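Student: Build the 3D model from these lines:
(one chain, ligands or ions: 1)
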Amino acid sequence: MENSQSRVTIHMAASLDGFVARKDGRVDWLETTDSFEGGDTMTPEFVEAFLETIDCYVMGSRTYETALRFEAKGSGWAYGDKPVFVLTSRKLPRTHDTVELCSGDLAQFVNERLRPTFRSIWFVGGGVVSGECLRLGLADEVRYSILPILIGDGIPFFEKLDRDVALHLAEVKAYKSGMVGLCYEVRGHRGEPRNAT
Ligand SMILES: NC(=O)c1ccc[n+]([C@@H]2O[C@H](COP(=O)([O-])OP(=O)(O)OC[C@H]3O[C@@H](n4cnc5c(N)ncnc54)[C@H](OP(=O)(O)O)[C@@H]3O)[C@@H](O)[C@H]2O)c1
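Tutor: Okay, here's the model as predicted:
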């Protein structure tokens, strides 16, 4: 596959004040109870069909450790049988054959290993890895699911961005649960001028 056919997406759910987890890593606030009359419903069939379009997942080790804890508590494995690449310098346990532990140059890994093989590459957190992905100019789009809650403090969606990143709003969807899904395309990568309109 040509590199230009692949798409790198960063996706996370965040509080309205921009946090993906509490400072201690807890995500208990993801379960909200709002209701928005005019919103869309996310049916299990829709979610299943959407997840089918994702070819592989990339995540930081702390996100992976959270996923392992969820699984150990009986909440299941959210990534099905899709390949999951975990960025880490440590030797972490692997509970699925689909999980691969990776280290080294992230840009080289994405451009030379993932892009030629996978069409839809999803970075699913956390804040450190999302920040790194954007800083290196690797992301094509950012999907931000805003939940109807403020938590005041926590781990930010993007850790330590050292420059502005211009975006183009491509999609907005409001859901019955009070969640708003935003999809932004990243400008200024793959040779496009950063402030292009
Ligand atoms: N709300 C949501 O949708 C959502 C989504 C995802 C995660 N989360 C939450 O976010 C929290 C974790 O986020 P976080 O920002 O603290 O951590 P993170 O991004 O998940 O993981 C960061 C760790 O990954 C490893 N790493 C990062 N870049 C690397 C690279 N290029 N090469 C090798 N290793 C690399 C490093 O650890 P080592 O090398 O030491 O292993 C680093 O400390 C968890 O609480 C999780 O539940 C929430």
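Student: what about the chain, any weak spots by pLDDT?
Tutor: By pLDDT under 70, the weakly predicted segments of the chain are 1-4, 189-197.
Student: So which bits of it are right by the ligand?
Tutor: For the chain, the residues in contact with the ligand (CB under 6 Å from any ligand atom) are 12-14, 20-21, 25, 27, 59-63, 66, 87-90, 103, 106, 124-129, 132, 155, 159. Quick note: C-beta positions are derived from backbone N, CA and C, even for glycine.
Student: And for the closest residue to A166 other than its chain neighbours, the neighbour number?
Tutor: In this structure, A166 finds its nearest non-sequential neighbour in R187, 4.2 Å apart by CB to CB, 6 or more residues apart in numbering. Neighbour count of R187, defined by other CB atoms under 10 Å: 16.
Student: now R187: how far from V165?
Tutor: Using CB to CB, to the nearest Å, R187 is found at 8 Å from V165.
Student: same question, Q108
Tutor: 21 Å.
Student: the more surrounded of these two?
Tutor: V165 (17 against 9).
Student: Please name every helix or strand in contact with the helix or strand where H11 lies.
Tutor: In the assignment (DSSP states H and E), H11 maps to strand 7-15. On a contact count with 3 or more CB pairs under 8 Å, 6 or more residues apart in numbering; DSSP states H and E, strand 7-15 meets strand 19-21, strand 120-123, helix 127-135, strand 141-147.
Student: nearest to F36, of these?
Tutor: strand 141-147 (11.8 Å; CB to CB).
Student: Name the residues that touch that closest one?
Tutor: 7-16, 29-30, 32, 134, 157, 167, 170, 178-186 (CB atoms under 8 Å, 6 or more residues apart in numbering).
Student: Heading C-terminal from it, find the next helix or strand.
Tutor: Next along from strand 141-147, by DSSP H and E: strand 155-156.
Student: partners of that next one in the sheet?
Tutor: Each strand paired with strand 155-156, and its direction, by DSSP bridges: strand 19-21 (antiparallel).
Student: Give the next helix or strand downstream of the partner strand.
Tutor: Assigned by DSSP H and E, the successor of strand 19-21 is helix 44-52.
Student: After that following helix, which helix or strand is next?
Tutor: By DSSP H and E, the next helix or strand past helix 44-52 is strand 56-60.
Student: Buried ones in that next one, by neighbour count?
Tutor: C56, Y57, V58, M59, G60 (16 or more other CB atoms under 10 Å).
Student: so what strands line up beside that strand?
Tutor: When DSSP bridges is applied, strand 56-60 pairs with strand 84-87 (parallel), strand 120-123 (parallel).
Student: Kind regards, and thank you for your time.
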